[in-house]
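[1] Quick one: sequence plus predicted model below, questions after.
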Amino acid sequence: MDNENSGYVPKEVVEEMIPYFNTIGYGHPSITHKLGWEAYEAIYRAKEALTQVLNARNLGEFALVHSGTEANNLAVLGHALANRGRGGKIVVSAIEHLSVIYPAEEAEKIFGFRVVRVPVDSEGFVDPEVLKEFVDNNTSLVSIQMVNHEIGTVQKISELSKVVKETNPRAVFHTDAADAFGKIPIDLKKLEHVDMVTLSSHKIHGPRGVGVLFIREGVKVEPVLKGQLSYEKLWPGVENVPLIAGFRKAVELAYRDFDLNVAKMREARDLLVRGVLEKVSDVLVNGPLDFSMRSPDNANLSFLYVEGEALTVELSINGVYVSSGSACTSRILEPSHVLLAIGRKHEEAHGSILFKTSRYHTREDIEYTLEVLPKAVDRLRGISTIKK
Amino acid sequence: MSTRIPLPYTPRVLELFRNPKNVGPMEDADIVESAGSPACGDMIRLYIKVTTRDCEELVERATFESYGCAANIAAASILTELVVGKSMRDAWSISWKNVADELGGLPPIKYHCSILAVGALKRAIRSYYKKVGKRPDWLPEELTQEERQTLEEERMLEKLYSGYTIKVPLPRGGGNEATRP
């Protein structure tokens, strides 16, 4: 249930990739021979699929990179490079993914931009009225996630981007939609005020190693890495064609039965949350309580009086894989910045567990989790120095 | 999530995490000492029963409670096993490295769990002698590495997370509940 960090890649996707290693299209996509053309064709088809499912104007608006992190870096630093010397503000929400926050801080250090973090409410929402206060004539870039990766908050991106453009039409609006992809409908024609969108393959059961940045025609971005350009004009180096072919297949599968897939995630998630709240006491729900404003796959729960890392290890021993916002699971010993930003105390953040359901979870999987989890929490609470 | 990296645990750590020894409070403990804090996400409480045999003080029993990660639980568990039957002097000489070695090694990011466990033990021993009003010649004035690092962790993390600076100065010559921040 750790689809946040990486997920299961189905057989159909794996099978789509294999021929591209040694049978077809294993050439360089910008070289004019059969194997190169086949490689080119695979990339073209992936972009074509994206254009179609996301309702973009043309496939030239998509840049393929190797992760959501790279896409966010390209959006923020690529924007900073294209606008260097002009200064200005980069506005981000306090709960953005670190692949937005860190590049923004780099842009501040290297190019003299000023980073401003917009606070969120206790469920992670950015209030359009508050955002308005942070945007002015000097604002160069605004980056706000469509869906938060930890607490599943679904922002009103249409409204937020409109507020930004009304205040400053020259400001560029970027949204990291990695966690929205395949979970909530994204229509790029309707999102007319959004200039850049980040997507990631492994969040939709595609292979790890493919990220996408949508850049609306006319929006200026410069490559962050320098080198020989291939098909991709914003990211040098040879494209990873097998993974891109697999990604295309994953897009096809996610969108072929979009509503059904979403309904499956939602059903599994709802069953899980209901069960946990019934069976375990002293649990906090992190993120929106109104589940219609929450990503259909997301459940983020804090189990008080236990430490999250211990719980992830205990569950792992029992075959349930989840992650935690505890400081102990990170290398820097700091708890999740998202949970702190929504006002959780440190001990509440340390006891947090993130579950992400998928269309592949069965009722049995959830029932098994509901059998194992309360026992794990009970055992660790029994050992704990902190009691109710 | 941010910088989540899987940590390889040895079979011994996993075994003690699953089946920790000497868990729970001890009603007739002579000393109860804690290290770490809930805000740190890392806290150990030790309960120790001391007995005297042939004019020598020995650790008769030791139990623990832990709010912390798997390594924290395993380190506290092995420490209680290590100290039982030892003289207070020998218990004092246990280092965080001994604990880590007994666990078959710890990932470097988890060394602090072993340090915290030993930090709690050293505090407990100091606190015992303070209580009985004795000062053995082997018990140094100066804080050991584990005690200093335990204090540093408590202070650093509290400062980092709570948004306030700690006003209480470092205790000189040994920590106890009254003077620790």
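    Arrived safely, thanks for sending. Numbering: from 1, shown residues only, chains lettered A, B, ... in the order given.
[2] residue ranges for the strands of the stretch 151-300 of chain A, please.
    Taking DSSP state E, counting those that start in this stretch to define them, one finds strands in the stretch 151-300 of chain A at A:172-176, A:196-200, A:211-215, A:283-285, A:298-303.
[3] With chain B as the reference, name the closest of the ones you listed.
    strand A:298-303 (10.0 Å; C-beta to the nearest C-beta). In this view, the C-beta of every residue, glycine as well, is placed from N, C-alpha and C.
[4] just how off-centre is that closest one within its chain?
    Centroid displacement of strand A:298-303 relative to its chain, using C-alpha atoms, centre = their mean, to the nearest Å, is 17 Å.
[5] Which positions within the helix or strand just after that strand qualify as buried?
    Using DSSP states H and E, the helix or strand that follows strand A:298-303 in sequence is helix A:308-317. If you call a residue buried by 16 or more other C-beta atoms under 10 Å in any protein chain shown, then helix A:308-317 has these buried ones: A:G308, A:E309, A:A310, A:L311, A:T312, A:V313, A:E314, A:L315.
[6] near chain B, from the residues you listed?
    Among these, the residues lying close to chain B (C-beta under 8 Å from any C-beta of the partner chain) are A:G308, A:E309, A:A310, A:V313, A:E314.
[7] list the helices and strands the biggest helix by length in chain B packs on?
    In chain B, assigned by DSSP state H, the helix with the most residues is helix B:111-132. For helix B:111-132, the elements it packs on are strand B:31-37, strand B:42-53, helix B:70-83, helix B:88-92, helix B:96-102, helix B:145-162, judged by 3 or more C-beta pairs under 8 Å, 6 or more residues apart in numbering or on different chains; DSSP states H and E.
[8] which ones are touching the closest residue to A:E105 other than its chain neighbours?
    Nearest residue to A:E105, sequence neighbours excluded (C-beta to C-beta, 6 or more residues apart in numbering or on different chains): A:V115, at 5.9 Å. By C-beta atoms under 8 Å, 6 or more residues apart in numbering or on different chains, A:V115 lies in contact with A:K89, A:I90, A:V92, A:A104, A:E105, A:A107, A:E108.
[9] Filter the residues you listed down to the ones in strands?
    Mapping those onto strands (DSSP state E) picks out A:K89, A:I90, A:V92.
[10] burial measure for the second one, as a count.
    The one in question is A:I90. When neighbours are defined as other C-beta atoms under 10 Å in any protein chain shown, A:I90 has 28 of them.
[11] and B:E154, what pLDDT?
    You'll see B:E154 listed with a pLDDT of 82.
[12] where's it relative to B:A39, distance?
    9 Å (C-beta to C-beta, to the nearest Å).
[13] Which one's more surrounded, those two?
    Remark: of B:E154 and B:A39, B:E154 carries more neighbours, 24 against 20, as counted by other C-beta under 10 Å.
[14] can you pull up the bridge partners for the residue nearest to the more buried one when sequence neighbours are not counted?
    Nearest residue to B:E154, sequence neighbours excluded (C-beta to C-beta, 6+ apart): B:S37, at 5.8 Å. Beta-bridge pairing of B:S37 under DSSP bridges involves B:D42.
[15] Name all residues that make contact with A:V283.
    Neighbours of A:V283 in contact, by C-beta under 8 Å, 6+ apart: A:V276, A:L277, A:L301, A:S302, A:F303, A:L304.
[16] before we move on, the earlier item: in a markdown table, list the ones in strands among the contacts of A:V115 along with pLDDT and distance to A:I24.
    Formatted as a markdown table, those follow (pLDDT from 0 to 100; distance: C-beta to C-beta, whole Å):
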| residue | pLDDT | distance to A:I24 |
| --- | --- | --- |
| A:K89 | 97 | 48 |
| A:I90 | 97 | 43 |
| A:V92 | 97 | 42 |
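[17] Among those residues, pick out the one closest to chain B, please.
    A:V92 (14.6 Å).
[18] give me the number of residues near that closest one?
    25.
[19] is it true that it touches A:V116?
    Yes. Shown here, A:V92 and A:V116 form a contact pair, counting by C-beta atoms under 8 Å, at 7.5 Å.
[20] which intervals of chain B have sub-threshold pLDDT?
    Where chain B drops to pLDDT under 70, the residues are B:1-7, B:157-181.
[21] which ones are touching A:E123?
    A:I151, A:T153, A:G287, A:P288, A:L289, A:M293, A:I342.
[22] Would you point out the most distant pair within those residues?
    A:M293 and A:I342 (13.7 Å; C-beta to C-beta).
[23] When those two are compared, which one has more neighbours?
    Each of A:M293 and A:I342 has its neighbours counted (other C-beta under 10 Å); A:I342 has more, 25 against 16.
[24] That one against A:G287, yeah?
    Yes. Counting by C-beta under 8 Å, A:I342 touches A:G287, with 7.5 Å between them.
[25] Give me the common contacts of these two.
    In contact with both A:I342 and A:G287: A:E123, A:G124, A:I151, using C-beta under 8 Å, 6+ apart.
[26] just curious, which of those residues is nearest to A:G182?
    A:I151 (18.2 Å).
[27] a strand runs through A:L141, doesn't it?
    Yes. Judged by DSSP: H, G, I helix; E, B strand; the rest coil, A:L141 forms part of a strand.
[28] what about it, neighbour count?
    The number of residues near A:L141, taken as other C-beta under 10 Å, comes to 25.
[29] For it, list the residues it contacts.
    A:76, A:79-80, A:83, A:88-91, A:113, A:171-174 are the contacts of A:L141 under C-beta under 8 Å, 6+ apart.
[30] just these now: which is nearest A:L229?
    The closest of the contacts of A:L141, once distances to A:L229 are taken by C-beta to C-beta, is A:H79, at 19.0 Å.
[31] neighbours around that closest one, how many?
    28.
[32] so how far is A:P169 from the nearest residue to it once chain neighbours are set aside?
    Of all residues not flanking A:H79 in the chain, A:L141 sits nearest, at 5.1 Å (C-beta to C-beta, 6+ apart). For A:L141, the distance to A:P169 (C-beta to C-beta) stands at 14 Å.
[33] ditto for B:P140
    Taking C-beta to C-beta, one finds B:P140 at 69 Å from A:P169.
[34] of the two, who's got more company?
    B:P140 (12 against 8).
[35] helices and strands of chain A: which one has the lowest mean pLDDT?
    Least confident helix or strand of chain A, by mean pLDDT, DSSP states H and E, is strand A:323-324 with a mean of 86.
[36] quick one: what helix or strand has A:I43 in it?
    Going by DSSP H and E, A:I43 is in helix A:34-54.
[37] what's that helix in contact with?
    By C-beta under 8 Å, 6+ apart, helix A:34-54 touches A:20, A:24-30, A:56-59, A:61-62, A:64, A:186-188, A:197, A:199, A:212, A:214, A:231-232, A:239, A:241, A:244-245, A:247-248, A:251-252, A:255.
[38] In helices, which of the residues you listed fall?
    Per DSSP H, the subset of the contacts of helix A:34-54 in helices is A:Y20, A:V241, A:I244, A:A245, A:F247, A:R248, A:V251, A:E252, A:Y255.
[39] Can I get these in CSV including pLDDT?
    Output for the ones in helices among the contacts of helix A:34-54, formatted as CSV (pLDDT from 0 to 100):
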residue, pLDDT
A:Y20, 97
A:V241, 97
A:I244, 98
A:A245, 98
A:F247, 98
A:R248, 98
A:V251, 98
A:E252, 98
A:Y255, 97
